[in-house]
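K.L.:
got a structure for you, letters missing:
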């Protein structure tokens, strides 16, 4: 057998280049020590471009004072580099989402964190006329300082404020026009704030029909929908309880039971007129949200733990913002994975 010393990777040493050329046509062996692999096609170079990710559509739910948590959610999404393609908001979700897309989130957060019980009372203009206890114009004037002249179509991304038409019960999606009017209509809580008249329609809070507007994001054909549900930890709202109608004094409650009550349960025994209205509204909103999310669930839900914050405790904005931020930061990894999976 012939002993032809050939170096590794096709580098010929003891054989004439011409002989190898005859054996392997198409390869140039004109110079000894040439590398066979040098004739291979050039491999594509790796790029430093990040993989494509789907933008998220954000459905910001209603929840009155708990809605300040939306500010923390948006802060965390921005810090995590999560690209938001559109926002649909109901009630305070419309307020926070609209201010975010208008570039006014800093001003809104500063306002929220500055609220005290006394300052909140100063913003409420009591009225004996109209369809609510408060006219809402003082709050409206405060918004005008930052949002006056802005339109929904002038924002850099799609925005939808969800409201309810009083006369028909229709769900109304406000997609064009004055941003302030859309926001006011979406948070006009029946019996608390006066309804908003917009193009011959009388509108109130959108949470009456769509508390967490996932369906709005789906209608805009967004591939990845993330919902922020502010009622997640209000346990027991869907239970059916068998009760005894025997008369007892309302003060006859076992001491052990009173000691084990949560702050919300303790407050439930001290409702005033507005407290009853707000709590009834809270129950309705929770039931509707459960039903609608069961039929059209989001791809991911963010659910800050806010059960101990009352609907009217707007002065606890700092706590709500921090909890929204913490909940979202914990889900950033899952969001990034979904973005890669759902990219079109």
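P.N.:
Received it, and whenever you're ready, just let me know what you need. As the structure is a computational prediction, the values presented were derived from the model and not from experiment. Residues are numbered from 1 along each chain as shown.

K.L.:
against residue 181, how distant is the residue nearest to residue 105 when sequence neighbours are not counted?
P.N.:
The shortest distance from residue 105 to any non-neighbouring residue, by Cβ to Cβ, 6 or more residues apart in numbering, is to residue 99 (5.6 Å). All C-beta atoms are positioned from the backbone trio N, CA, C, and that covers glycine. Using Cβ to Cβ, to the nearest Å, residue 99 is found at 14 Å from residue 181.

K.L.:
between the two, which is the more surrounded one?
P.N.:
The neighbour comparison of residue 99 against residue 181 (other Cβ atoms under 10 Å) goes to residue 99, with 26 against 20.

K.L.:
show residues contacting the host helix or strand of that one.
P.N.:
Element membership of residue 99 [criterion: DSSP states H and E] is helix 92-101. Under the contact criterion Cβ atoms under 8 Å, 6 or more residues apart in numbering, helix 92-101 has outside partners 58-68, 70-71, 74, 87-89, 105, 107-108, 146-147, 152, 155-157, 159, 161-162, 179, 182-183, 186-187, 206, 213, 228.

K.L.:
quick one: which of those sit in strands?
P.N.:
58-60, 87-89, 159, 161-162, 228 (DSSP state E).

K.L.:
let me know the closest of the residues you listed to residue 284.
P.N.:
Within the ones in strands among the contacts of helix 92-101, proximity to residue 284 (Cβ to Cβ) peaks at residue 162, which comes in at 15.2 Å.

K.L.:
residue 314 is in contact with residue 67, isn't it?
P.N.:
No - taking Cβ atoms under 8 Å as the definition, residue 314 is not a contact partner of residue 67, at 9.2 Å.

K.L.:
these two: which is more packed in?
P.N.:
Taking other Cβ under 10 Å, residue 314 and residue 67 do not tie; residue 67 has more neighbours (30 against 22).

K.L.:
look at the residue lying closest to residue 208 once chain neighbours are set aside and give its secondary structure.
P.N.:
Spatial nearest neighbour of residue 208, chain neighbours left out: residue 164 (4.4 Å); criterion: Cβ to Cβ, 6+ apart. For residue 164, the assignment made with DSSP: H, G, I helix; E, B strand; the rest coil gives strand.

K.L.:
quick check: residue 164 vs residue 229, distance?
P.N.:
According to Cβ to Cβ, residue 164 and residue 229 sit 19 Å apart.

K.L.:
residue 105 too?
P.N.:
Taken as Cβ to Cβ, the span from residue 105 to residue 229 is 20 Å.

K.L.:
look at those two and report which has more neighbours.
P.N.:
Of the pair residue 105 and residue 229, residue 229 is the one with more neighbours under other Cβ under 10 Å, namely 24 against 18.

K.L.:
surely the more buried one is in contact with residue 302?
P.N.:
Yes - between residue 229 and residue 302 there is a contact under Cβ under 8 Å: 7.3 Å.

K.L.:
quick one: the helices in the chain?
P.N.:
Assigned by DSSP state H, the chain shows helices spanning 17-23, 69-79, 92-101, 105-113, 117-123, 137-147, 179-186, 214-219, 255-260, 263-267, 273-295, 317-329, 332-341.

K.L.:
who are the contact partners of the closest residue to residue 170 other than its chain neighbours?
P.N.:
Spatial nearest neighbour of residue 170, chain neighbours left out: residue 164 (7.3 Å); criterion: Cβ to Cβ, 6+ apart. For residue 164, the contact set (Cβ under 8 Å, 6+ apart) comprises 170-172, 203-206, 208-209.

K.L.:
what about stretch 307-315, distance to the chain center?
P.N.:
Relative to the chain's own centre, stretch 307-315 is displaced by 19 Å; criterion: Cα atoms, centre = their mean, to the nearest Å.

K.L.:
not counting stretch 102-120 itself, show me its contacts.
P.N.:
Outside stretch 102-120, the residues that touch it by Cβ under 8 Å, 6+ apart are 68, 71, 74-75, 95-96, 99, 142, 146-147, 150, 155, 179, 314-315, 317-318, 321.

K.L.:
start and end of that stretch, how far apart?
P.N.:
Distance between the two ends of stretch 102-120: 24 Å, counting by Cα to Cα, to the nearest Å.

K.L.:
now that stretch: average pLDDT?
P.N.:
For stretch 102-120, the mean per-residue pLDDT is 93.
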